[in-house]
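Participant: Would you be able to build a 3D model of this:
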Amino acid sequence: MGNFNFIETKIPDLYIIEPKVFGDNRGYFMETYSKKDFFEAGLTMEFVQDNESKSKKGVLRGLHFQTKHTQGKLVRVIEGEVYDVAVDLRKGSPTFGQWEGILLSGKNKKQFYVPEGFAHGFLVVSEEAVFNYKCTDFYAPEYDAGVLWNDSEIGVQWPIEGIEELLLSEKDKAQKKLSEIEVPFVYIP
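Facilitator: From the prediction side, this is the model:
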């Protein structure tokens, strides 16, 4: 579709997006979002906020979601590499509690669309990374929630080999397991 390749994952509604990159001896050009192309692919979300973070190797952010004002996120890495993870938290989903992970980098230019109803997180695996994402709703700190990054029930296989120290916020260290929280999302086929 247009300037993007939309790849469905094993989890319904979760997409890997590969933009077409046009390069020559001067550098490159690519579209990172096109409402027309996304709508043609069935991704009819509307974005209201863009965010960017810079983190060093070993920083693990997540697994986050909002209980109200839920956010779909179109994520990508501008510089460096991160291992990006989405966990299906939609009650009634055939993939409830399952996760998908992908390496996003400034080189591969892949994007990941994480819809509402998912927990999201990432681990920086390069020396530094600049992470950029578009959101379908505004950040609402009063509804901020999460799931423990290493919950054995979910079993995310984080690529921590070669990382000397994991750096997590106090909030992320204290998150609860999936079985200990009330999930506000419902799967709608």
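Participant: wait, what's in contact with the residue in the chain sticking out farthest from the centre?
Facilitator: Distance from the C-alpha centroid of the chain peaks at residue 25, with 31.9 Å (CA atoms, centre = their mean). The contact partners of residue 25, by CB atoms under 8 Å, 6 or more residues apart in numbering, come to none. From N, CA and C alone the C-beta is placed, and that goes for glycine too.
Participant: Next, it: phi, psi?
Facilitator: Dihedral pair for residue 25: phi -70, psi -10, per degrees, to the nearest 10.
Participant: pLDDT wise, what is it at?
Facilitator: According to the per-residue confidence, residue 25 scores 95 in pLDDT.
Participant: how near is it to residue 98?
Facilitator: The spacing between residue 25 and residue 98, counted by CB to CB, to the nearest Å, is 44 Å.
Participant: same check, this time on residue 140
Facilitator: Using CB to CB, we find residue 140 at a distance of 26 Å from residue 98.
Participant: again, but for residue 181
Facilitator: According to CB to CB, residue 181 stands 16 Å off from residue 98.
Participant: Equivalent analysis for residue 182, please.
Facilitator: Taken as CB to CB, the span from residue 182 to residue 98 is 19 Å.
Participant: Repeat that for residue 104.
Facilitator: 19 Å.
Participant: cool, residue 48 as well?
Facilitator: Counting by CB to CB - residue 48 and residue 98 are separated by 28 Å.
Participant: So for the two, which residue has more residues nearby?
Facilitator: Higher neighbour count among residue 48 and residue 98: residue 98, with 16 against 11, using other CB atoms under 10 Å.
Participant: The more buried one reaches residue 14, doesn't it?
Facilitator: No. Here residue 98 does not reach residue 14: they are 9.8 Å apart, not a contact under CB atoms under 8 Å.
Participant: Now do the shared contacts for those two.
Facilitator: Common contact partners of residue 98 and residue 14 (CB under 8 Å, 6+ apart): residue 88.
Participant: quick one: residue 172 is in a strand?
Facilitator: No. Counting by DSSP: H, G, I helix; E, B strand; the rest coil, residue 172 is not part of a strand but helix.
Participant: isn't residue 160 right next to residue 166, touching?
Facilitator: Yes. Counting by CB under 8 Å, residue 160 touches residue 166, with 6.6 Å between them.
Participant: list residues touching both of those two?
Facilitator: Residues touching both residue 160 and residue 166 by CB under 8 Å, 6+ apart: residue 123.
Participant: Can you report how many residues neighbour residue 130?
Facilitator: A count of nearby residues for residue 130, using other CB under 10 Å, gives 16.
Participant: Can you spell out which helices and strands pack onto the helix or strand it falls within?
Facilitator: Counting by DSSP states H and E, the element that carries residue 130 is strand 128-135. When contacts are defined as 3 or more CB pairs under 8 Å, 6 or more residues apart in numbering; DSSP states H and E, strand 128-135 sits against strand 49-56, strand 73-79, strand 81-88.
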